[in-house]
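> Sequence and predicted structure below; questions after.
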Amino acid sequence: MSELQVVRPGPLTTVQDLGRRGVAHLGVPRAGALDQPALRAANRLVGNAPDAAGLETTLGGVALRALGPVLVAVTGAPAP
């Protein structure tokens, strides 16, 4: 199995999925990816389940190293 090594996480890189719907009454916040359509698109591009988690980086600065062959999709809004 291939893996990604985090060389530099950046200031706001987190693992996100589509969140938790229908459990707010239990005190569980919805949370999840900020750009859910982008997460769904990335999962579709690499053949993952639609609700699979992904890395979400908000302020950039993330650096990853592939330790073998990997398939990666970068999606979301344009950023500098």
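That came in fine, so what should we check first?

> contacts, neighbours, all on C-alpha from now
OK.

> Quick one: the strands in this protein, in order.
For the chain, the strands defined by DSSP state E cover 4-8, 13-16, 54-57, 63-66.

> Give the partner strands of the first one in its sheet and their orientations.
Each strand that pairs with strand 4-8, with its direction, by DSSP bridges: strand 63-66 (antiparallel).

> what separates the strand it pairs with from the chain centre, distance-wise?
Relative to its parent chain, strand 63-66 has a centroid offset of 14 Å by CA atoms, centre = their mean, to the nearest Å.

> mind listing what's buried in that strand?
Within strand 63-66, no residue counts as buried by 16 or more other CA atoms under 10 Å.

> Return the alpha-carbon coordinates of that strand using PDB.
Taking Å, rounded to 0.1, in the frame of the first residue of the first chain, the C-alpha atoms of strand 63-66 are listed here in PDB:
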ATOM      1  CA  ALA A  63       3.900  19.700   1.700                       C
ATOM      2  CA  LEU A  64       3.400  16.000   1.100                       C
ATOM      3  CA  ARG A  65       5.800  13.200  -0.100                       C
ATOM      4  CA  ALA A  66       4.500  10.100  -1.900                       C
END
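
> on that earlier part again, could you name the stretch from the strands of the chain that's closest to Asp35?
Of all the strands of the chain, strand 54-57 sits nearest to Asp35, with 8.7 Å by CA to CA.

> Okay, buried residues for that closest one please.
Residues 54, 56-57 are the ones in strand 54-57 that count as buried (16+ other CA under 10 Å).

> any chance you could map the helices in the chain?
Assigned by DSSP state H, the chain shows helices spanning 36-46.

> Low-confidence ranges, it, go.
Applying pLDDT under 70 to the chain flags residues 1, 79-80.

> Centre of it to the edge, which residue is at the far end?
Using CA atoms, centre = their mean, the residue of the chain lying farthest from its centre is His25. It sits 26.1 Å away.

> hang on, the earlier thing: including distance to Leu34, could the strands of the chain go into CSV?
Shown next, in CSV, are the strands of the chain (distance: least, CA to CA, whole Å):
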stretch, distance to Leu34
strand 4-8, 21
strand 13-16, 9
strand 54-57, 8
strand 63-66, 20
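
> All good on my end, thank you.
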